[in-house]
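1. turn this into a structure:
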Amino acid sequence: MKKKDIPFMPEFYDRYINLCEDKDVVDVLSETLVNINMDNVEKMRELGTRVYATGKWTMHDIIQHIIDTERILAYRALRFAREDKTEIEGFEENAYAVTALGYQRDFDELVAEFQAVRMGTIAMFKSFTDEMLLQEGVASGIKNNVLAIGFTIAGHQLHHGNVIKERYFPLLDQ
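-> Predicted structure coming up:
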């Protein structure tokens, strides 16, 4: 199913969903996986621990955040697809970033982990029927649906990719 098939736009997540093209959700997830290309990975590796402002995350932290968020959102999608109506609590991304210690991890291992997590997400979304993709639930106090979550996962990565290009890559020219 495509972005236009999302039955309603969940509040807050529209900022990520709107970054995605109106294509099949599995195609969008697959294309954004390829979006982490070798040129960008080399630039991110070169940045090391540099940040554009005090208190901002390093490249390692950003990749770890994308991984953690994708796992949480994929779990929500699975729960909703299986018609679990139990409300799911939220998570505090900044607390996760502190305790994940992404900045201490090997960058190539983080990229490989991101790719593995995305492949798992793609496989899961391939297994969902159209009926499953339209299932709804509540997480973090926000009504959402499986299809919207798939686009949120891809759009969240695109969002951070834009931040990296706009705010971090210019540091390489300084």
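
2. right, and residue 41 touches residue 111 too?
-> Yes - using CB atoms under 8 Å, residue 41 makes contact with residue 111 at a distance of 5.8 Å. For every residue, glycine as well, the C-beta is placed using N, CA and C.

3. those two - which one has more neighbours?
-> Each of residue 41 and residue 111 has its neighbours counted (other CB atoms under 10 Å); residue 111 has more, 19 against 15.

4. so the more buried one versus residue 68, what's the distance?
-> Look at residue 111 and residue 68: by CB to CB, to the nearest Å, they are 15 Å apart.

5. what distance separates the lengthiest helix in the chain from the centre of its chain?
-> Under DSSP state H, the helix in the chain containing the largest number of residues is helix 59-81. Here helix 59-81 shows a centroid-to-chain-centroid distance of 6 Å under the convention CA atoms, centre = their mean, to the nearest Å.

6. name the residues of whatever helix or strand comes next after that helix that are buried.
-> Past helix 59-81, further along toward the C-terminus, the next helix or strand under DSSP states H and E is helix 93-100. Judged by neighbour count (16 or more other CB atoms under 10 Å), helix 93-100 contains these buried residues: 96, 97, 100.

7. nearest to residue 173, of the residues you listed?
-> Of all the buried residues of helix 93-100, residue 173 sits closest to residue 97, with 26.5 Å by CB to CB.

8. about what we covered before: residue 60: which of the buried residues of helix 93-100 is nearest?
-> Out of the buried residues of helix 93-100, the one with the shortest distance to residue 60 is residue 100. That distance is 9.3 Å, counting by CB to CB.

9. in this structure that closest one contacts residue 64, no?
-> Yes - with contact defined as CB under 8 Å, residue 100 counts as touching residue 64 (4.8 Å).

10. gap between the nearest residue to residue 126 once chain neighbours are set aside and residue 33?
-> Leaving aside its sequence neighbours, residue 126 sits nearest to residue 26 (CB to CB, 6 or more residues apart in numbering; 5.5 Å). Between residue 26 and residue 33 the distance, using CB to CB, works out to 11 Å.
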